[in-house]
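*Asks:* Next comes the sequence, and after it the predicted model I'd like to discuss.
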Amino acid sequence: MNGTSSTRIYRLTIMVVTGWACMSLPHTAWCWDVTQPLPTERRETVSLADAAVRALQNNLDISISRQNRESRLADIIIEQSKFDPNLSINGQYNRTVNPLNRPVFGGTGDLLGQITTFDQRNHSLTLDAQTNLITGGNLDVNYSPARNSVNQNVARGFLFNPAWTGGLAFTFTQPLLRNAGIAINKTFIKVAQNNAIVEQHVFRDRVMTVITSVEQTYWEVVFANDNLKVAQAALKAAEELLAANRAKTKAGVMSIVDVLQAEAAVASRVEQVLVAEKAIRDQEDQLRRLLNPGEEDLRQDVRLTPVDPPVTVLEPLSLQEAIDTAIEQRPEITQAKKNVETGELNKQFARNQLLPTLSLQGTIGLAGLGGDYGESFTRNFSGDFYNYGAGLVLSYPLGNRAAVNTYSKRKLEAQNAEVALANVRQQIIVGIREAVRRVQTDFKRIETTRSARIMAEKQLQAEQERLKVGLSTTRFVLEFQRDLATAQGNELRAIVDYNKSLSNLSRHKATTLDRYHLELS
């Protein structure tokens, strides 16, 4: 009676597990509904290098970072354009008709008791070119020819009617204290250049992050596939043991309990196969998401098959060399250094703004007059008519609180940038040390788990031989089968973790791109 109850309990367990599996994964071969069409699958083989390139081509974060980099390059041109020359042209026509309130010598004649009309017409053209100099000064060149004419009844009082005048003026302004000098006036160009370099390294950092994420997920796909093989091998071994026990029970040399134990083990390992199959699908979806396919492609049922085997040999490691490489190549170091440089530039500019404004201003001009443009132009450049002048302009805000507090703020920012650089260097050194230890530890795990797997194989083989001669039981064989599957899974996990650790170390050393011979453009 007790044996019959145990049989029912184990068979009920198998039915429950099998039914749950069919509801969870209806596509599994042994629970397909033959009335439904088979789902279509497309298989793709993918190498680690192909996966990395595909991820970079379609990654949205990479696209945004690339656009940010282009924006920073545009900022440099914007700052440089402040020293571009500016040309302006202004043409005007004006007519003024006024009553004369007093006689004009040689014009109004004897018409002293009447209001005389004074009709004046003016045609003018102004050409002006000015540019800001890298020294902080400003140069302006102005040429303004004009034609003036008045009504003929009063024109007798003018030497030329119409009359052409010409004016040429050069004006130069140069700061002597505040905003004086090439270095000060190139401050924001250098800041923009530093920001562009920082953005370039931000872009490089994101590229390495994407590749590292692909590598980590790729090796998880490899583990999931190999782990399924382990689960299937464990299931096959349990099924073979079940078949052998049934044959022995039928022959009367083994009890029904051994059959029930084997049946329970088969049911348990069927579940492990189902879980392993689900893990493969999950990891494949994660890898496909990193490859950024279109939504329509993502909806399709595509199976990815990795083709690159994991590395199982110890790569040469030198902690100090790894630290030196990271300090030299890590984007964070370059970013921090450029931030220090930018902080120093801003501090020097703020210090310059503490000075009073003292500017030298100078101007020189030429003038001309004639009855036509050619005559006016000739006299304009003859040097007979000229003007010039020079002066100094001094100004200083009382208290100058804005400049004083800005300088104090910039000094603090510069100090913070230096502290941040030191902090980044320390973080990188600690990170490299941990990454190197992880690589070494994971490689040792491969050796130890391999030894454990070999011992589990020998123990299982020995226990199977003992079972054949009646010196062992089904329970012990099943336990050793389970131990072997666990040891095999541990070895696979150690191998994959070692490869993930190598990827992590490359990321810490900033040599990820070198592994794929990739150059950023």
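*Replies:* Cool, got the structure.
*Asks:* For the rest of this, base every contact and every neighbour count on C-alpha atoms.
*Replies:* Will do.
*Asks:* what comes up buried for the longest strand seen in the chain?
*Replies:* Using DSSP state E, we find that the single longest strand of the chain is strand 116-132. For strand 116-132, a neighbour-count test (16 or more other Cα atoms under 10 Å) marks 116-119, 121-122, 124-126, 128, 130-132 as buried.
*Asks:* Ok, stretch 317-328 next?
*Replies:* Residues of stretch 317-328 classed as buried: 322, 323, 325, 326, 327 (neighbour count, 16+ other Cα under 10 Å).
*Asks:* I'd like the distance between residue 412 and residue 194.
*Replies:* Going from residue 412 to residue 194 by Cα to Cα, to the nearest Å gives 19 Å.
*Asks:* Name the residue in these two with the higher neighbour count.
*Replies:* Neighbours per residue, other Cα atoms under 10 Å: of residue 412 and residue 194, the larger number sits with residue 194, 22 against 13.
*Asks:* Shouldn't that one be within a helix?
*Replies:* Yes: under DSSP: H, G, I helix; E, B strand; the rest coil, residue 194 sits within a helix.
*Asks:* In helices, which of the buried residues of stretch 317-328 fall?
*Replies:* The members of the buried residues of stretch 317-328 that map onto helices under DSSP state H are 322, 323, 325, 326, 327.
*Asks:* now these in JSON lines, with pLDDT?
*Replies:* Below are these laid out as JSON lines (pLDDT from 0 to 100):
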{"residue": "322", "pLDDT": "95"}
{"residue": "323", "pLDDT": "96"}
{"residue": "325", "pLDDT": "95"}
{"residue": "326", "pLDDT": "96"}
{"residue": "327", "pLDDT": "95"}
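*Asks:* Residue 485: which of the residues you listed is nearest?
*Replies:* Set against residue 485, the nearest of those by Cα to Cα is residue 322 (36.8 Å).
*Asks:* Give me the contacts around stretch 417-436.
*Replies:* For stretch 417-436, contacts defined as Cα atoms under 8 Å, 6 or more residues apart in numbering pick out 317, 319, 322-323, 326-327, 332-333, 336-337, 339-340, 343, 501, 504-505, 508-509.
*Asks:* make it 7 Å
*Replies:* Stretch 417-436 is contacted from outside by 319, 322-323, 327, 333, 336-337, 339-340, 343, 501, 504-505, 508, using Cα atoms under 7 Å, 6 or more residues apart in numbering.
*Asks:* any idea which of these has the most stuff around it?
*Replies:* Ranked by neighbour count (other Cα under 10 Å), the contacts of stretch 417-436 have residue 508 at the top, with 26 neighbours.
*Asks:* Please name the residues that touch residue 376.
*Replies:* Going by Cα under 7 Å, 6+ apart, residue 376 touches 164, 165, 166, 368, 369, 370.
*Asks:* just to revisit the earlier point, I'd like the average pLDDT over the helix or strand just after the longest strand of the chain.
*Replies:* Going down the chain from strand 116-132, the next helix or strand is strand 138-143, by DSSP states H and E. Averaged across strand 138-143, pLDDT comes to 96.
*Asks:* other SSEs contacting strand 138-143?
*Replies:* Applying 3 or more Cα pairs under 7 Å, 6 or more residues apart in numbering; DSSP states H and E, one finds that strand 138-143 contacts strand 116-132, strand 163-175.
*Asks:* mind putting those strands in CSV, mean pLDDT and distance to residue 293 included?
*Replies:* Putting the helices and strands packed on strand 138-143 into CSV (pLDDT from 0 to 100; distance: least, Cα to Cα, whole Å) gives the following:
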stretch, mean pLDDT, distance to residue 293
strand 116-132, 91, 51
strand 163-175, 94, 59
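*Asks:* which one of those lies closest to residue 226?
*Replies:* Between residue 226 and the helices and strands packed on strand 138-143, the shortest separation by Cα to Cα is 69.2 Å, and it involves strand 116-132.
*Asks:* okay, the closest one in PDB with CA atoms only?
*Replies:* The C-alpha trace of strand 116-132 is given here as PDB (Å, rounded to 0.1, in the frame of the first residue of the first chain):
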ATOM      1  CA  THR A 116      14.700 132.400 -50.100                       C
ATOM      2  CA  THR A 117      14.500 128.700 -50.500                       C
ATOM      3  CA  PHE A 118      17.500 126.600 -49.700                       C
ATOM      4  CA  ASP A 119      17.200 123.200 -51.400                       C
ATOM      5  CA  GLN A 120      20.000 120.900 -50.500                       C
ATOM      6  CA  ARG A 121      20.500 117.300 -51.800                       C
ATOM      7  CA  ASN A 122      23.000 114.800 -50.400                       C
ATOM      8  CA  HIS A 123      24.100 111.400 -51.800                       C
ATOM      9  CA  SER A 124      26.400 109.500 -49.500                       C
ATOM     10  CA  LEU A 125      28.100 106.100 -49.300                       C
ATOM     11  CA  THR A 126      29.800 104.800 -46.300                       C
ATOM     12  CA  LEU A 127      32.200 101.800 -46.400                       C
ATOM     13  CA  ASP A 128      33.300 100.600 -43.000                       C
ATOM     14  CA  ALA A 129      35.600  97.600 -42.100                       C
ATOM     15  CA  GLN A 130      36.400  96.800 -38.500                       C
ATOM     16  CA  THR A 131      38.000  93.800 -36.800                       C
ATOM     17  CA  ASN A 132      38.800  92.800 -33.200                       C
END
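*Asks:* pLDDT weak spots in the protein?
*Replies:* For the chain, the stretches flagged by pLDDT under 70 are 1-40, 102-113, 157, 521.
*Asks:* for the stretch 1-150 of the chain, what spans make up the strands?
*Replies:* Ranges of strands within the stretch 1-150 of the chain are 42-46, 86-100, 116-132, 138-143, 146-150, based on DSSP state E, counting those that start in this stretch.
*Asks:* Parallel or antiparallel, list what pairs with the fourth one.
*Replies:* Using DSSP bridges, the strands paired with strand 138-143 are strand 116-132 (antiparallel), strand 163-175 (antiparallel).
*Asks:* Adding distance to residue 209, write those out as a markdown table.
*Replies:* As requested, those are arranged in a markdown table below (distance: least, Cα to Cα, whole Å):
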| stretch | distance to residue 209 |
| --- | --- |
| strand 116-132 | 44 |
| strand 163-175 | 49 |
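*Asks:* Out of the ones you listed, which gets nearest to residue 384?
*Replies:* Ranking those by proximity to residue 384 (Cα to Cα) places strand 163-175 first, at 12.5 Å.
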